[in-house]
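1. structure, please.
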Amino acid sequence: MTSGLQIYDSLRRQKVPFDTIEPGQVRMYVCGVTPYASAHVGHGMSVIVFDMIKRYLTERGYTVKHAQNFTDIDDKIINRANAEGIKPDELTESLIAEWHREMTVLNVLPADVYPRATLEIPNMIEMIEGLIANGHAYEVEGDVYFRVRSFPEYGKLSHRNLDDLLSGARIEVDERKDDPLDFALWKAAKPGEPWWESPWGNGRPGWHIECSAMCSHHLDGVVDIHGGGADLVFPHHENEIAQSEAYLGTAPFARYWVHNGLVQLGGDKMSKSIGNIVLMRDITSRGLAGAFRLMVLQSHYRAPLTYLEESLQAAENGLDRLRAAARSDASVASKPGHLAEALTEAVSETTKRFCSAMDDDFDSPSAIAALFDFARTINRAKGEGADAEALETAQNWLIHFTGVLGLDITEAESSAGDAAPFIDLLVALRTDLRAEKQWALADKLRNQLLELGITIEDKATGSIWRKA
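-> Numbering: from 1, shown residues only. As a prediction, the model looks like this:
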């Protein structure tokens with residue numbers, strides 16, 4: 001039975017109803033990182049996107065089993081470890097630990113399982129043996145290759161045909177392969193590289209077979225959602241489909257292929273080769289993890305994200321507005337029953353807008369727009385002395401909906417948030433000064449707060465403050 005949720009499937013290139021393999025259960029596999037360097041904002045964007053998807057599915061009542069792998073053996077890992085004079089596993093252990101610390105700061109829910117390529121070798125060997133047995137793969141001099149032309153639907157995800165691939169791609173010539181398009185499932189060991197025993201000699205797995213084996217092993221063969229960045233559509237996910245469906249003998253390998261857009265820096269594609277990389281720790285160390293999450297979610301997950309410092313600061317200011325709406329303000333007197341009906345209607349309208357947006361392929365920008373409108377309603381009601389109980393109910397709903405997106409507005413990361421009790425005290429002191437008609441001192445206090453980035457708005461029922 002389908003729900004009202006619509007998801008864009010990269011394979012079908014359209015939004016389609018979400019219908020799971022098992023009622024109420026979601027199997028979600030997301031391609032993780034290759035831990036050879038610290039996480040950058042592109043990694044941060046991807047994990048936030050799938051964390052948002054996971055959180056909303058949970059909000060909708062689904063039980064989500066989420067697997068995200070670490071490709072902890074790779075040419076880049078070997079090369080960097082050799083350059084630093086350490087073992088590859090020393091490098092990966094350090095970077096994986098760093099990754100988990102960064103994800104905690106980003107408020108990313110942990111996956112149910114984090115399979116590592118180096119711990120899944122037997123499953124990969126079993127899958128490769130099966131592909132050889134059914135004619136989809138072959139061994140040559142210790143290497144094993146997938147026979148691309150044995151899978152007639154190759155190219156169905158990226159919408160490419162084999163002839164175009166052969167004529168347009170830069171393919172490394174290897175006369176040992178049956179076809180230039182065939183890709184490696186197992187690589188014979190080279191001097192100085194880590195290796196594992198196999199029926200074809202010592203070696204290590206190819207990149208693509210890792211995810212197929214880990215996905216099949218931990219999520220029962222097929223999945224509801226298979227996700228990753230748009231840069232993985234070809235060849236990685238295309239190859240995953242081919243080898244998984246050829247091995248399992250069933251299709252589809254994944255019901256929905258979900259891909260997030262890529263990060264651009266000032267309009268240019270982010271790339272290690274040209275050095276325009278922003279590391280996640282450059283953001284989290286400044287207490288801007290929440291702002292980065294908001295910035296990501298204010299752009300649709302399938303669209304490219306342009307990273308600018310100005311955008312990050314704007315997101316931090318927006319987060320402060322949400323925090324201000326959620327914060328209690330004892331300096332404003334409430335009137336029983338006042339605006340209670342309006343706040344109840346605002347909760348209902350926000351719920352409809354939020355859920356409608358998220359049901360439409362996780363349209364977080366529209367959902368967040370609804371929350372900002374809701375926050376403005378709450379702030380106005382607060383300034384006008386709204387009924388305390390109705391106001392608290394509305395604030396709790398705002399906290400709930402932002403929490404569904406992984407935004408924590410109850411504890412500010414900014415200096416203003418940390419100082420909130422002291423600012424409340426100063427605002428109350430200024431109110432007393434105004435009541436005693438000590439206008440000069442009251443204005444001096446207001447101006448000094450303004451210099452610190454705090455503005456005060458005087459309402460008929462009291463004064464409220466917010467970060468400028």
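2. the stretch 151-300 of the chain: helices as residue ranges?
-> Assigned by DSSP state H, counting those that start in this stretch, the stretch 151-300 of the chain shows helices spanning 162-168, 207-218, 238-248, 280-284, 289-297.
3. would you tell me which of those gets closest to I86?
-> Smallest distance to I86 across these (Cβ to Cβ): 20.4 Å, for helix 280-284. Bear in mind the C-beta positions are built from the backbone N, C-alpha and C, glycine included.
4. residues in contact with the closest one?
-> 38-41, 43-44, 98, 102, 105-106, 289, 291-292, 312 (Cβ atoms under 8 Å, 6 or more residues apart in numbering).
5. and if we set it to 6 Å?
-> A39, G44, E102, V105, F292 (Cβ atoms under 6 Å, 6 or more residues apart in numbering).
6. which residues touch the first one?
-> Going back to what we said before, that points to A39. W99, E102, M280.
7. nearest residue to D231 in space, please, no chain neighbours.
-> Nearest residue to D231 in three dimensions, chain neighbours excluded: L262, at 6.1 Å (Cβ to Cβ, 6 or more residues apart in numbering).
8. swap that for F253, please
-> S244 (4.2 Å).
9. tell me how many other residues crowd I368.
-> With neighbours defined by other Cβ atoms under 10 Å, the count for I368 comes to 21.
10. lowest average confidence, helix or strand, in this structure?
-> Sorted by mean pLDDT, DSSP states H and E, the helices and strands of the chain end with helix 415-418, the least confident at a mean of 48.
11. after that helix, which helix or strand is next?
-> Following helix 415-418 in sequence order, the next helix or strand is helix 420-435 (DSSP states H and E).
12. buried residues of that next one, list them for me.
-> Judged by neighbour count using 16 or more other Cβ atoms under 10 Å, the buried positions of helix 420-435 are A420, I423, D424, L426, V427, R430, T431, L433, R434.
13. which one of the contacts of A39 has the most neighbours?
-> Going by other Cβ under 10 Å, M280 tops these with 25 neighbours.
14. I figured A111 was touching Q68, is that so?
-> Yes - with contact defined as Cβ atoms under 6 Å, A111 reaches Q68; the gap is 4.3 Å.
15. quick revisit: quick one: closest of the helices of the stretch 151-300 of the chain to A367.
-> helix 289-297 (8.1 Å).
16. that closest one - contacts with which helices or strands?
-> Helix 289-297 sits against helix 41-59, helix 309-326, with contacts defined as 3 or more Cβ pairs under 6 Å, 6 or more residues apart in numbering; DSSP states H and E.
17. for the very next helix or strand once past it, buried residues please.
-> Next helix or strand after helix 289-297 toward the C-terminus (DSSP H and E): strand 305-307. Within strand 305-307, the residues that qualify as buried are L305, Y307, counting by 16+ other Cβ under 10 Å.
18. quick revisit: from the contacts of helix 280-284, pick the one nearest I86.
-> Proximity of the contacts of helix 280-284 to I86 (Cβ to Cβ) peaks at A39, which lies at 19.3 Å.
19. quick check: phi and psi at the closest one.
-> Dihedral angles of A39 (phi, psi; degrees, to the nearest 10) stand at phi -70, psi 140.
20. and it, how close does it get to V108?
-> Counting by Cβ to Cβ, to the nearest Å, the gap from A39 to V108 is 11 Å.
21. now the strands for the stretch 1-150 of the chain?
-> Counting by DSSP state E, counting those that start in this stretch, the stretch 1-150 of the chain has strands at residues 6-9, 14-17, 25-30, 63-68, 137-140, 143-146.
22. could you do the stretch 351-468 of the chain as well?
-> Using DSSP E, counting those that start in this stretch, strands in the stretch 351-468 of the chain cover 454-459, 462-467.
23. will you turn the contacts of helix 280-284 into a markdown table that also has distance to S212 and pLDDT?
-> Putting these into a markdown table (distance: Cβ to Cβ, whole Å; pLDDT from 0 to 100) gives the following:
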| residue | distance to S212 | pLDDT |
| --- | --- | --- |
| A39 | 24 | 95 |
| G44 | 26 | 97 |
| E102 | 27 | 94 |
| V105 | 32 | 93 |
| F292 | 32 | 98 |
